[in-house]
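Peer 1: With the input below, show me the fold.
(chains A and B)
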Protein chains: 2
Amino acid sequence: MVKQEKLVEEITSRDVDFSKWYTDIVKKAKLMDYSSVKGCMIIRPYGFAIWENIQKFLDKTFKYLGHENVAMPLLIPESLLQKEKDHIKGFAPEVAWITECGSEKLPERLCIRPTSETLFCSHYSQIIESYRDLPKLYNQWCSVVRWEKTSRPFLRSVEIFWQEGHTVHETAQEAVEETKKMLDVYVNFFKNQLLIPVISGEKSEKEKFSGAKNTYTVEALMYDGKALQSATSHYFSDNFSKAFNITFRDRKNKISYPFGTSWGLATRVIGAVIMVHGDDNGLVLPPDISPIQVIIIPITLKNDFVIKKTYEIFGILSLNFRVKLDDSKRSPGWKFSEYEMKGVPIRLELGPKDIEKNQCVLVRRDNQKKVFVSIENLKKSVLNTLNDIKKNMYETANNRLRSRTYEATDLQNFLDLSKNKQGFIKAMWCGDVACENKLKELALVSLRCIPFNQERISENCVCCKKKAESMVYFGKSY
Amino acid sequence: MVKQEKLVEEITSRDVDFSKWYTDIVKKAKLMDYSSVKGCMIIRPYGFAIWENIQKFLDKTFKYLGHENVAMPLLIPESLLQKEKDHIKGFAPEVAWITECGSEKLPERLCIRPTSETLFCSHYSQIIESYRDLPKLYNQWCSVVRWEKTSRPFLRSVEIFWQEGHTVHETAQEAVEETKKMLDVYVNFFKNQLLIPVISGEKSEKEKFSGAKNTYTVEALMYDGKALQSATSHYFSDNFSKAFNITFRDRKNKISYPFGTSWGLATRVIGAVIMVHGDDNGLVLPPDISPIQVIIIPITLKNDFVIKKTYEIFGILSLNFRVKLDDSKRSPGWKFSEYEMKGVPIRLELGPKDIEKNQCVLVRRDNQKKVFVSIENLKKSVLNTLNDIKKNMYETANNRLRSRTYEATDLQNFLDLSKNKQGFIKAMWCGDVACENKLKELALVSLRCIPFNQERISENCVCCKKKAESMVYFGKSY
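Peer 2: Reported below is the predicted structural model:
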């Protein structure tokens, strides 16, 4: 394919410098900007519109499954954060402390929530009395603060925009089911809306959430072969209930501790979308979350009939799709590049000759293919094309995931793969953290997860050769 | 009317102790709860669902008018907050300061945003270059923190949930128009959705926002006769542009400063809804923001035909309204009280005899009136009743506002009214802050606003008797 003339400022090629390519995209597609506080980002209108589409879909799903939204405070007293010991150990090094208000010193330090388990649990201890009050299925959309030394737009930042679900249940079984159900919600959202294939499974003891009994994760593979932890769901057993004295009178009239979960997904997924689907012309957005699904561009502004027709088409398509008509004075070529950079799935071009033939040019963002489509059946053509785009984007990403997943059978093989290949490495593991640490040190990879879909590659741990417990995924992480 | 038997725990009567009545309602209707940080509240599911309905409506209106949502950081460096002098003077006494992160001391203190003018302006100075970049019409939904000594649920708290719009424009005229347009959005929202009549006008120099040239306000009258500032819109002229060096190349190719506005509305309006419409049986919610518009209650659970019919009606009404069917094992009487407490506009009761007659009982929350309605035309009856409720709620509130607005013609009259009457006092004012201060000291009232609708009560200031400049509203404030 002949490369299209670039009228919008060039971006670095993703094969030349992936990291620079990523930064170019987030800036030039105007997704975000840096703020005056190191590590805190500004989400600009186009980036936030993507997030709003993500929110809309997930919020609807959460509510359909019986969850209710609430707003917990932003601040946590130090004594409250300390109640669950593993939890505070995990978060203490990275919380932001408020020590003064106005000109007064506070009697007790308050931190900005790094996550809200302590707040939800403290509230639950107040409002739960009987099994009739269970389950409590709460969620909130908010931001949290973790003092990260390094930051990258959407992937790692001091302030993180996310949703956090927090639930409590009568029985352990019900809580485990909730943990896995919500992980499934994420897996399906990645597959069907973000068009990103994922590996789902359990985190190792070393990698799990501070205070959790089990952490489940959704792991995605980026274009450069690195892994991104994209959503997590935690089962707490009764750890937090005991620490926060949440009790309820059960069906046998006995005082019991309920079982808890939490699960979250952050704007980090926007980073995943960029790094899985983007190309050297910019963003490529999944239709379901793209703020603009169809961009209509008149080829000339001097022909009244063309202008009239574009407005007509805009009116028709707007009923079913998110459509923008760009009739600004910029050149068509500039507009083509601009909306490619912004990742708009479909471009419709209309010129005088097209209209004579009652047709327009439909260009797909995912594979750059151009076709002439009849204006009569435009609504149907757009719908079908969006579905084809979804299918193609998912398949492309899935093929990459498959072709970049390697199997290591012994340590040397593991080290060779980690050195020479970019992708996931599947290997058998004994379950010992010593082997996990050794592989991290020697191969610079971390254990991504123990997948639900187990395979038997061999009988022995890839590292220590002792009897293997499970097959696991390793990868270089973001 | 004979008072209905109360099966839900009693609340204090609003005529006996309004303040206690208010606290009872917010707790017993489960709108909020107190948190472990003094002054920070938890918004519970029912309260948050009201807020979500408010958000949905306003967000749609903002977007329709061309505004875009963004997310600015939570934190402001001290040096940035200090850039506009009046602004920092107003907010310094009440900001929360972060001085430590993890175990490190920060080189510069950061505050949690008390409002975000400084953040938006700092961003605007980066992204605006030419008149072609204007106007910028941004909004964000978030929370802000102001260290208030005293707090009341929804009305005054350390953490405030709100929306804040921040715009910049090419000309002063355009910015003034935006300021007033957005105030009108609020006025109409109060009138048509919250069913609260308001006085709109300009704040005095003493009462305006720190850093603003003009502040416009929406003032509502609560049941107890006190005034509540319910939304504000500020015109900044080029104050912030100059302080933050926001410049643009204008149409004559000259470097100019743009003109700014900001406008906001907080969960405080939920407090207004409670205090304007609520009664001794609990909340009375305006249909447009009520999480449940119709509650369906079967009179018996032992009759399969009744149960089947309630499900059928639930299915039909759900397509057009927010409906809940309560078929739990509680008694019908308990349910009646519960949904009255929650302020649900319409209750539908279904018993075996009703169904035989193909009818059900429709009970209005606003005036407790019961009517029998045919099941055939139920959808239409519900729609008409909701409209009647809206009309009646607004009229009741409007009659109260009118009957509790007094005119003071001289100082003695003013002092008598402020002592003996609860409501707004209209009076002429010379425009001098000395008179404003004197009236505040003597009568314990503050100047609410200089209304757009001016009347000529007399020629002289009610306080100093010098020539009056305008007619103003005074009131006791929340």
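Peer 1: Close to chain B: what parts of the stretch 101-250 of chain A are there?
Peer 2: Residues of the stretch 101-250 of chain A lying close to chain B (Cβ under 8 Å from any Cβ of the partner chain) are A:101-103, A:109-110, A:112, A:119, A:122-123, A:126-127, A:138, A:143, A:145, A:147, A:158-159, A:161. From N, CA and C alone the C-beta is placed, and that goes for glycine too.
Peer 1: Derive a ChimeraX selection command for the buried subset of the residues you listed.
Peer 2: Command for ChimeraX, covering only those of these found buried under the criterion 16 or more other Cβ atoms under 10 Å in any protein chain shown:
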select /A:101,109,110,112,119,122,123,138,143,145,147,158,159,161
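Peer 1: ok, now which ones touch residue A:193?
Peer 2: Neighbour list for residue A:193: A:54, A:57, A:286, A:288-289 [criterion: Cβ atoms under 8 Å, 6 or more residues apart in numbering or on different chains].
Peer 1: Just flag the most distant two among the residues you listed.
Peer 2: Using Cβ to Cβ, the contacts of residue A:193 span at most 10.8 Å, a distance reached by A:57 and A:286.
Peer 1: These two: which has the busier surroundings?
Peer 2: Legend: neighbour count by other Cβ atoms under 10 Å in any protein chain shown for residue A:57 and residue A:286, higher for residue A:286 (24 against 16).
Peer 1: what's the pLDDT at the more buried one?
Peer 2: Predicted confidence (pLDDT) for residue A:286: 98.
Peer 1: doesn't residue A:392 make contact with it?
Peer 2: No - if you go by Cβ atoms under 8 Å, residue A:286 and residue A:392 don't touch, sitting 11.1 Å apart.
Peer 1: how about the nearest residue to the spatially most central residue of chain A, chain neighbours excluded?
Peer 2: The residue lying closest to the centre of chain A (Cα atoms, centre = their mean) is residue A:269, at 2.1 Å. Nearest residue to residue A:269, sequence neighbours excluded (Cβ to Cβ, 6 or more residues apart in numbering or on different chains): residue A:230, at 5.8 Å.
Peer 1: Contacts only, for that neighbour.
Peer 2: For residue A:230, the contact set (Cβ under 8 Å, 6+ apart) comprises A:186, A:190, A:196, A:198, A:217-220, A:265, A:268-269, A:272.
Peer 1: Equivalent analysis for residue A:383, please.
Peer 2: Residues near residue A:383 by Cβ under 8 Å, 6+ apart: residue A:320.
Peer 1: and it, backbone torsions?
Peer 2: As for residue A:383, its main-chain torsions (degrees, to the nearest 10) stand at phi -60, psi -50.
Peer 1: For the stretch 251-400 of chain A, which segments count as helices?
Peer 2: Remark: helices assigned in the stretch 251-400 of chain A by DSSP state H, counting those that start in this stretch are A:268-277, A:304-318, A:332-341, A:352-356, A:378-403.
Peer 1: Which parts of the worst-scoring helix or strand of chain A on mean pLDDT count as buried, going by neighbours?
Peer 2: One helix or strand of chain A scores below all others by mean pLDDT, DSSP states H and E: helix A:85-91, with a mean of 88. By 16+ other Cβ under 10 Å, the buried positions in helix A:85-91 come out as A:87-88, A:90-91.
Peer 1: pLDDT averaged over stretch A:430-450, what's the number?
Peer 2: If you average the pLDDT over stretch A:430-450, you get 97.
Peer 1: which of the residues in it are buried?
Peer 2: A:430-431, A:435-436, A:439, A:443, A:445-450.
Peer 1: repeat for stretch A:377-397
Peer 2: A:378, A:381-382, A:385-386, A:389-390, A:393-394, A:396-397.
Peer 1: Could you restrict the residues you listed to the ones contacting chain B?
Peer 2: Of those, not one also sits near chain B (Cβ under 8 Å from any Cβ).
Peer 1: so which of the contacts of residue A:193 comes closest to chain B?
Peer 2: Distance ranking of the contacts of residue A:193 against chain B, using Cβ to the nearest Cβ, places residue A:54 first at 13.0 Å.
Peer 1: where does that closest one land in three-state SS?
Peer 2: Recorded secondary structure, residue A:54: helix (DSSP: H, G, I helix; E, B strand; the rest coil).
Peer 1: tell me how far the ends of stretch A:321-329 are from each other?
Peer 2: 24 Å (Cα to Cα, to the nearest Å).
Peer 1: Pull the residues that contact that stretch.
Peer 2: Stretch A:321-329 is contacted from outside by A:290-298, A:301, A:307, A:310-311, A:314, A:317, A:335, A:339, A:344, A:382, A:386, using Cβ under 8 Å, 6+ apart.
Peer 1: which among those end up buried?
Peer 2: Restricting those to buried positions leaves A:290-298, A:307, A:310, A:314, A:317, A:335, A:339, A:344, A:382, A:386, with burial counted as 16+ other Cβ under 10 Å.
Peer 1: can you list the domains in chain A?
Peer 2: As given by automatic domain parsing, the domain ranges for chain A are A:18-277, A:294-385, A:405-475.
Peer 1: Need the winner for burial among those.
Peer 2: Mean neighbours per residue, mean count of other Cβ atoms under 10 Å in any protein chain shown, is largest over the domains of chain A for domain A:18-277, with a mean of 20.
Peer 1: And that domain, end to end?
Peer 2: End-to-end distance for domain A:18-277: 13 Å, by Cα to Cα.
Peer 1: chain center to it, what's the gap?
Peer 2: The chain centre lies 12 Å from the centre of domain A:18-277; the measure is Cα atoms, centre = their mean, to the nearest Å.
Peer 1: What ranges in the stretch 201-350 of chain A fall below the confidence cut-off?
Peer 2: Under the criterion pLDDT under 70, no range of the stretch 201-350 of chain A is flagged.
Peer 1: And whichever residue of it sits closest to chain B, how close does it get to residue A:50?
Peer 2: Here the stretch 201-350 of chain A gets closest to chain B at one residue, residue A:267, 8.4 Å apart by Cβ to the nearest Cβ. Separation of residue A:267 from residue A:50 (Cβ to Cβ, to the nearest Å): 9 Å.
Peer 1: Mind listing the shared neighbours of these two?
Peer 2: Overlap of the contact sets of residue A:267 and residue A:50 (by Cβ under 8 Å, 6+ apart) is empty.
Peer 1: ok, now which ones touch residue A:294?
Peer 2: With Cβ under 8 Å, 6+ apart, residue A:294 has these contacts: A:317, A:321-324, A:344-348, A:382.
Peer 1: Show which residue of chain A lies farthest from the average position.
Peer 2: Largest separation from the mean C-alpha position in chain A: residue A:356, at 44.9 Å (Cα atoms, centre = their mean).
Peer 1: If I look at it, what pLDDT would I see?
Peer 2: At residue A:356, the model reports a pLDDT of 92.
Peer 1: again, but for residue A:367
Peer 2: Residue A:367 carries a pLDDT score of 97 in this model.
Peer 1: distance of it from residue B:50?
Peer 2: Going from residue A:367 to residue B:50 by Cβ to Cβ gives 47 Å.
Peer 1: how about the closest residue to residue A:29 other than its chain neighbours, what does it touch?
Peer 2: Leaving aside its chain neighbours, residue A:29 sits nearest to residue A:283 (4.9 Å; criterion: Cβ to Cβ, 6+ apart). Residues counted as contacts of residue A:283 (Cβ under 8 Å, 6+ apart) are A:25, A:29, A:31, A:273-274, A:277, A:341-343.
Peer 1: how about 10 Å then?
Peer 2: Listed by Cβ atoms under 10 Å, 6 or more residues apart in numbering or on different chains, the contact set of residue A:283 reads A:25-26, A:28-29, A:31, A:46, A:50, A:270, A:273-274, A:277, A:290, A:339-344, A:365.
Peer 1: How about residue A:153?
Peer 2: By Cβ under 10 Å, 6+ apart, residue A:153 lies in contact with A:22-23, A:25-27, A:31-34, A:41-43, A:47, A:267, A:270-271, A:274.
Peer 1: What sits closest to it if chain neighbours are left out?
Peer 2: Looking at residue A:153 with Cβ to Cβ, 6+ apart, the closest residue is residue A:26, at 4.5 Å.
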